[in-house]
Structure formats: structure tokens, C-alpha cells
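Asks: model this:
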Amino acid sequence: MTPSIEDRFGINDLFVRYATALDAGDVETIVGCFTEDGALESPAVGKYAGRDGIRAFSERFAAMHRRGVQLRHVLSNLAMTVTGETARATCYLTNIITVDGKSQMMPPGRYECDLRRVDGEWLFQNRLVILDAEFPLPGI
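Replies: Predicted coordinates for the structure are as follows:
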């Protein structure tokens, strides 16, 4: 089904809110981007499920941010399908990481996500990160 303009903006906002919160180490905003039973999986950090799991994932990134590691998630080519209160969305992912004043690009990849509308707001139900190559994150 073709998404409405409201759904497009709501889903785009979710992706941007999540990526910028991750880069800023904003634990509460990251947790708030997921449903109560939401889950995520990334080859760089593993699998996490439920609010407690998402919080543990978020705190790992916040700790990295506090140590001076800066990530910049750049999302593009967001595509989505909406079926009632659920949606499927994917986008390309480019990450730049800066450690000790030196920046490097991480391998590109994509997000594959199942979404659910809860109280009028789009949230991640499941978020899978697929990277084109392995990349160890420093100190995580």
C-alpha cells in the first residue's frame, strides 16, 4: 500500500530521531523509538530485545560517546510500505566514526525494519542492521 504523506513524515521522523539520538548518546530517546517488545540486531553489537535490552544497547553507545567517540549516522534512500498499523521500511546506512580526532568511514550497510504505529506514533518493532563488511566498534 502506498503510504500517506503523514505516514511518510512520521516514519522518516522516527529514523532521524533514532539516528541523531544514537549519535548524541541520548538513551531515553533511543528507548522511546521502540515498542515495548521491540528488538534490534546488529553485527557490530549483537541482539537486544524489550525495553531493558534496548536500554542496555543505548547505554553502551552513550558510554562510548562520553569517552569522546563520535558517530555520525547518515541515512538515505528510505523506502517503506504501510499496511494499516504496521509498516516495513528500509534505508541505506553510512557511518562515520571519529576517535581521538581521526575520522574514518565504516562499511556501508542498510537498516531493515518492521514498524508499528502505537498511539498514533510510528515505532520500531524490529530493526536489523546489515553491514557490507565487518567493523569492530572501539570499546563496545
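
Asks: which sections of the chain are below the confidence cut-off?
Replies: The model of the chain has pLDDT under 70 over residues 139-140.

Asks: where do the helices sit along it?
Replies: Counting by DSSP state H, one finds helices in the chain at the ranges 5-24, 27-32, 50-66.

Asks: Could you dump the ones you listed into JSON lines with mean neighbour count and distance to Cys91 added?
Replies: Yep, even glycine has a C-beta here, placed from its N, CA and C like the rest. Formatted as JSON lines, the entries for the helices of the chain read as follows, by neighbours: other Cβ atoms under 10 Å; distance: least, Cβ to Cβ, whole Å:
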{"stretch": "helix 5-24", "mean neighbour count": "17", "distance to Cys91": "6"}
{"stretch": "helix 27-32", "mean neighbour count": "18", "distance to Cys91": "17"}
{"stretch": "helix 50-66", "mean neighbour count": "17", "distance to Cys91": "19"}
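
Asks: In CSV: those, plus distance to Asn95.
Replies: Compiled in CSV, those are given as follows (distance: least, Cβ to Cβ, whole Å):
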stretch, distance to Asn95
helix 5-24, 9
helix 27-32, 16
helix 50-66, 12
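
Asks: Which of those helices sits closest to Met80?
Replies: With Cβ to Cβ, the closest approach to Met80 among the helices of the chain belongs to helix 5-24: 5.4 Å.

Asks: what sits up against that closest one?
Replies: Identification of contacts with helix 5-24 by Cβ atoms under 8 Å, 6 or more residues apart in numbering yields 3, 26, 29-30, 33, 58, 61, 65, 70-75, 78, 80, 82, 87, 89, 91, 111, 115, 117, 121-124.

Asks: do stretch 85-92 as well
Replies: Residues external to stretch 85-92 that are found in contact with it (Cβ under 8 Å, 6+ apart): 3, 7, 11, 15, 75-81, 108-117, 122, 125.

Asks: What residues sit buried inside that stretch?
Replies: Taking 16 or more other Cβ atoms under 10 Å as the basis for neighbour counts, the residues of stretch 85-92 that come out buried are Ala87, Ala89, Thr90, Cys91.

Asks: Good, wrapping up.
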